[in-house]
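# Sequence and predicted structure are below.
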Amino acid sequence: MGKKQKAGASAADVTAGAAIAEEHFQPAQKRQRTQNPEDSFSSELLQTAPDKLQTCRSLLAFLEKKLQAPRPTAPPVGGPQDLREELEVQAELAGRLSGLQSNAGGSWDSRAKRILDIQQTAKSDAGQALLTAAKERLDLDSKALKLQLKERAEKEIQALTQERRAWAEAVLLPLDWLSWCSRILRAREEQLLKPSIEGEEQSGAKLERCMTDISILDALLGGGVMDALLN
């Protein structure tokens, strides 16, 4: 099996989504208040965020504290050294899927849900299609991995990845989600600070490149699921 791009974070690098959270670990004076050029969100998504500037800033301060809080590092997976990267991918995708499919509300802060209720997105028809496709990808890759582990008389995938899966569900997924919520809020803040006409013109010009709640759900699943569905 060829080497795969990691779907989530490792102990050294907690995924592209979590890396965005690193901005929040810098002193406030070192952070730039302008949005990154790639942070372009659909008008519909931005409209779900608060329409009061003070509320946006209050929520941003809340998210900053959440993102700065100490978090457990990624536990290692077991198994042969040459298969561990693939086992990490499996564990993290399984954990992300479990978290997004769960009806439990513990990991989804009610204040952050005012910005992006990812559980509701996951329950939509498009969201369910993404989750199904991700599950199929997970099952397909698991089948190949199981065969390799069996040939080497190793333990089952679940035993080798249990702690990493639990970490991905309880730590990695919520952190990535909060990072996206923060990015949306910053874009909303920029929008509220600009004249409405200018904002509408910019929104229309960037429509094809705008992030939606579904594309963020895809990113939370490690990315690439939506492309697979469309091809």
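Now that the structure is in, tell me what you want to look at.

# distance of the residue nearest to residue 112 when sequence neighbours are not counted from residue 149?
Closest residue to residue 112 apart from its sequence neighbours, by Cβ to Cβ, 6 or more residues apart in numbering: residue 181 at 4.7 Å. Yep, even glycine has a C-beta here, placed from its N, CA and C like the rest. Separation of residue 181 from residue 149 (Cβ to Cβ, to the nearest Å): 38 Å.

# Please identify which of those two sits among more neighbours.
Set side by side, residue 181 and residue 149 show more neighbours around residue 181, with 26 against 19, by other Cβ atoms under 10 Å.

# name the helices or strands packed onto the helix or strand containing the residue nearest to residue 112?
Per DSSP states H and E, residue 181 falls inside helix 173-193. The elements that helix 173-193 packs onto, with contact taken as 3 or more Cβ pairs under 8 Å, 6 or more residues apart in numbering; DSSP states H and E, are helix 15-21, helix 43-48, helix 53-68, helix 84-101, helix 213-220.

# Can you lay out the ones you listed as JSON lines showing distance to residue 119?
Formatted as JSON lines, those follow (distance: least, Cβ to Cβ, whole Å):
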{"stretch": "helix 15-21", "distance to residue 119": "17"}
{"stretch": "helix 43-48", "distance to residue 119": "14"}
{"stretch": "helix 53-68", "distance to residue 119": "17"}
{"stretch": "helix 84-101", "distance to residue 119": "8"}
{"stretch": "helix 213-220", "distance to residue 119": "10"}
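
# The helix of greatest length in the chain: which residues count as buried?
Scanning the chain for the helix with the most residues, using DSSP state H, yields helix 125-151. By neighbour count with 16 or more other Cβ atoms under 10 Å, helix 125-151 contains the buried residues 126-127, 130-131, 133-135, 137-138, 141-142, 145, 149.

# And it, what does it pack against?
Packing partners of helix 125-151 (3+ Cβ pairs under 8 Å, 6+ apart): helix 84-101, helix 118-123, helix 157-167, helix 213-220, helix 225-230.

# With distance to residue 46, mean pLDDT and mean neighbour count added, can I get those in TSV?
Listed next are the helices and strands packed on helix 125-151 as TSV, based on distance: least, Cβ to Cβ, whole Å; pLDDT from 0 to 100; neighbours: other Cβ atoms under 10 Å:
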stretch	distance to residue 46	mean pLDDT	mean neighbour count
helix 84-101	22	95	22
helix 118-123	15	94	18
helix 157-167	32	96	20
helix 213-220	11	95	22
helix 225-230	20	57	14
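
# could the ones you listed go into a markdown table alongside distance to residue 73?
Putting those into a markdown table (distance: least, Cβ to Cβ, whole Å) gives the following:
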| stretch | distance to residue 73 |
| --- | --- |
| helix 84-101 | 13 |
| helix 118-123 | 24 |
| helix 157-167 | 8 |
| helix 213-220 | 20 |
| helix 225-230 | 26 |
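
# nearest to residue 187, of those helices?
Closest to residue 187 of these is helix 213-220 (Cβ to Cβ; 12.1 Å).

# can you give me the offset of the closest one from its chain's centre?
How far helix 213-220 lies from its chain's middle: 7 Å, per Cα atoms, centre = their mean, to the nearest Å.

# Report the angle between it and helix 125-151.
10 degrees (axes from the mean of the first three to the mean of the last three Cα atoms, to 10 degrees).
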